[in-house]
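Participant: Task: produce atomic coordinates for the following.
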Amino acid sequence: MKHSPIKNRSGQGLSEYMILAMLIVVGSIAASRTLGNTIKTKLENVNEQLQQIHVP
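Facilitator: Residues are numbered from 1 along each chain as shown. Just a heads-up that it's a prediction; the model follows:
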């Protein structure tokens, strides 16, 4: 019976989980920045339109 050189593989599963979690975090940050810039641009356009309205 051969013995595996790696006896404890629980650390391997944890590191894979951490890599996956970090990828999700990076993707979430990128998506939130893109969405934030889009919302900022839309709100700036609304603000400009409101400033052009003259109320007597």
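
Participant: Going along the chain, name the helices of this structure.
Facilitator: For the chain, helices defined by DSSP state H occupy the ranges 10-52.

Participant: middle-most residue in it, spatially?
Facilitator: S28 (1.2 Å; C-alpha atoms, centre = their mean).

Participant: Tell me how far it lies from G13.
Facilitator: Relative to G13, S28 is positioned 23 Å away (criterion: C-beta to C-beta, to the nearest Å). Heads up, the C-betas are built off the backbone N, CA and C, glycines and all.

Participant: how far away is E48 from K40?
Facilitator: 13 Å.

Participant: Would you mind listing the residues touching both of these two?
Facilitator: Common neighbours of E48 and K40, using C-beta atoms under 8 Å, 6 or more residues apart in numbering, do not exist here.

Participant: Where does the prediction get shaky in the chain?
Facilitator: Across the chain, the ranges flagged by pLDDT under 70 are 1-10.

Participant: again, only using 80
Facilitator: Residue ranges of the chain with pLDDT under 80: 1-12, 54-56.

Participant: how near is N45 to M22?
Facilitator: According to C-beta to C-beta, N45 and M22 sit 35 Å apart.
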